[in-house]
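Engineer: need a 3D model of the following:
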Amino acid sequence: MQRESFRRTGIQMLAVTAAAAVLPMAAPSTAGADTTADLWVESYVLPAGAAVPSLEELQSAEGRERLRRTAAAAEPGAALAQETVGPAASSAPLSRRPSGSPPANATTGVRQRAALGPTATAPEPARTMTYDECVKGLGSDKKFYVKSRFAVCNGASFLQTWTRNGQPVGTSMFNVRAVGTVAKNSRTITFQYYFTDFTTAGTTGAAAMPITTKATIPQSWPSGARYTRGGSMPGTKTFTQLKAQRTFKDTVTAKPGQGSGSADLLFAVYEPAISYTPPAPWKLSGALGGKLFMLAPRWDAASYLANSTGGGTPAKKGAATFSYVPTLTYSAKAGAEERGVAQHIKTAFTVPQDTKPYMSAKKVPGQSAKDPLHGW
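Structural biologist: Numbers count the residues shown, from 1 in each chain. Purely as a prediction, here's the structure:
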């Protein structure tokens, strides 16, 4: 992307447990928004953090066309992370881009995709994610960031172009990111939402524009599962009110006994959605908001689990996770707890002919999301 074509908006950093000011917003103006003019708002959904055009750039036909191409190239049909597994993986199109994951050590580290067995020694998967980590993980083109199977996020940028008689006279935008985490031995998934980077330029009606935030669970496997919802979803708030509120959370809990098989497996998809309508006399065209795409939670419970202290015979409580094949980072550095495991995996990946049984053309699985290692 050429520098003169798009101006990248600044990003303010915000930790999960701390508040921070969002970008200053110029006082929106509705001057000239008379009822005789043809007033429309063109809406676009882009990856969170994507480069967005300035008002001056949008006032040229070339700038508007570049924006449309950017929106069209942002995988508009992809609804789930590439690493999604289980029944959710066939419920909607997967992203073509790998979800960001912690980088391997530049010299001795290796990355391994695996469902860990009970005797494996490896770093404990992350169960928290800050806003800063989510922003960095999504970058400027990803819809999803999978830090671990217990910490994921997704996001989108919502851009509105305000036009009078077919000519852009103002712009407004905001970013939304949702971070999903699961505490150890918990059946509750917490989704923390962040509304940031509110900006306006030129003539708009953005200040009074109502924005509705919802989150649904459109599918469950088995179907008919029931969930307990909590948190503080904002419902409908104006652009100005959400700019002041900034962050809120939603929680989803599934009781054991609703799943299938001896492990009481319950799969679902969780779908955040943002919609808005500009105030009269403005009319809306284009994307009427957008869904933040789907996250894929999973619950299980079994008598052999360490935290099986709930009711039932035998007692079953279990926990929650996400249905992703995550990238685990193993270190082969001296002193690392998992050094021996890392060294064996590195050998298997780099010199597979040295592993047993011998095969002249051997490729060890676990090096990509499309060819994961399920266990050993």
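
Engineer: quick one: the residue nearest to the spatial centre of the chain from T161, how far?
Structural biologist: Centroid-nearest residue in the chain, with Cα atoms, centre = their mean: N154, separated by 1.2 Å. Distance of N154 to T161, given as Cβ to Cβ, to the nearest Å: 24 Å. Just so you know, the C-beta spots here come from the backbone N, C-alpha and C atoms, and that holds for glycine as well.

Engineer: what helix or strand does G137 sit in?
Structural biologist: If you go by DSSP states H and E, G137 is part of helix 131-138.

Engineer: in that helix, which residues are buried?
Structural biologist: Neighbour counts over helix 131-138 (16 or more other Cβ atoms under 10 Å) mark Y131, E133, C134, V135, G137, L138 as buried.

Engineer: which helices and strands does that helix pack with?
Structural biologist: Where contact means 3 or more Cβ pairs under 8 Å, 6 or more residues apart in numbering; DSSP states H and E, helix 131-138 is packed against strand 144-148, strand 151-164, strand 167-182, strand 188-202.

Engineer: can we see that at 6 Å?
Structural biologist: Judged by 3 or more Cβ pairs under 6 Å, 6 or more residues apart in numbering; DSSP states H and E, helix 131-138 is in contact with no other helix or strand.

Engineer: quick one: it to chain centroid distance?
Structural biologist: Put simply, helix 131-138 sits 10 Å off its chain's centre (Cα atoms, centre = their mean, to the nearest Å).

Engineer: average model confidence for that helix?
Structural biologist: In this model, helix 131-138 has a mean pLDDT of 94.

Engineer: what's the answer for stretch 365-376, then?
Structural biologist: 59.

Engineer: all the helices of this structure, residue numbers only.
Structural biologist: Assigned by DSSP state H, the helices in the chain fall at 55-58, 61-72, 131-138, 239-245, 339-350.

Engineer: so which bits of the first one are buried?
Structural biologist: The reference is to helix 55-58. Across helix 55-58, burial judged by 16+ other Cβ under 10 Å covers L55, E57, L58.

Engineer: as TSV, the residues you listed with distance to W40 would be great.
Structural biologist: Shown next, in TSV, are these (distance: Cβ to Cβ, whole Å):
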residue	distance to W40
L55	15
E57	19
L58	13
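
Engineer: does V41 touch T163 like I think?
Structural biologist: No: counting by Cβ atoms under 6 Å, V41 sits too far from T163 to count as a contact (7.4 Å).

Engineer: the more surrounded of those two?
Structural biologist: V41 (25 against 21; other Cβ atoms under 10 Å).

Engineer: tell me who's in contact with that one.
Structural biologist: Shown in contact with V41 (Cβ atoms under 6 Å, 6 or more residues apart in numbering): Q160, W162, P278, W282, L284.

Engineer: for the residues you listed, pick the one with the most neighbours.
Structural biologist: Counting neighbours by other Cβ under 10 Å, W162 comes out on top of the contacts of V41 with 27 neighbours.

Engineer: distance-wise, check it relative to D197.
Structural biologist: 18 Å.

Engineer: low-confidence stretches in the protein?
Structural biologist: Filtered on pLDDT under 70, the chain yields the residue ranges 1-36, 100-123, 287-289, 304-316, 327-329, 366-376.

Engineer: ok so, going back, tell me what the residue nearest to the centre of the chain is bridged to.
Structural biologist: F144, A178 (DSSP bridges).

Engineer: now the one 5 residues further on
Structural biologist: With DSSP bridges applied, the residues forming beta bridges to L159 are Y44, M173.

Engineer: these two touch, right, it and Y44?
Structural biologist: Yes: the pair L159 and Y44 passes the contact test of Cβ under 6 Å, sitting 4.5 Å apart.

Engineer: wait, A151 sits on M129?
Structural biologist: Yes: with contacts counted by Cβ under 6 Å, A151 reaches M129, the gap being 4.3 Å.

Engineer: what touches both of those two?
Structural biologist: T181.

Engineer: for R96, give me its contacts.
Structural biologist: Contacts of R96 (Cβ under 6 Å, 6+ apart): none.

Engineer: returning to that earlier point: identify, from the contacts of V41, the entry nearest to V351.
Structural biologist: Using Cβ to Cβ, Q160 comes nearest to V351 of those, at 54.9 Å.

Engineer: can you pull the contacts of the closest one?
Structural biologist: The neighbours of Q160, taking Cβ under 6 Å, 6+ apart as the test, are V41, S43, S172.

Engineer: one more pass at 10 Å, please.
Structural biologist: Shown in contact with Q160 (Cβ atoms under 10 Å, 6 or more residues apart in numbering): 41-44, 170-174, 200, 204-206, 209, 239, 276, 278, 282, 284, 286-287.

Engineer: my read is that L46 contacts L159, right?
Structural biologist: Yes: if you go by Cβ atoms under 10 Å, L46 and L159 touch, sitting 6.2 Å apart.

Engineer: ranges for the strands of the stretch 1-150 of the chain?
Structural biologist: Taking DSSP state E, counting those that start in this stretch as the test, the strands found in the stretch 1-150 of the chain are 39-46, 110-112, 144-148.

Engineer: dump those strands to a markdown table, plus distance to D264.
Structural biologist: As requested, those are exported to a markdown table (distance: least, Cβ to Cβ, whole Å):
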| stretch | distance to D264 |
| --- | --- |
| strand 39-46 | 37 |
| strand 110-112 | 28 |
| strand 144-148 | 22 |
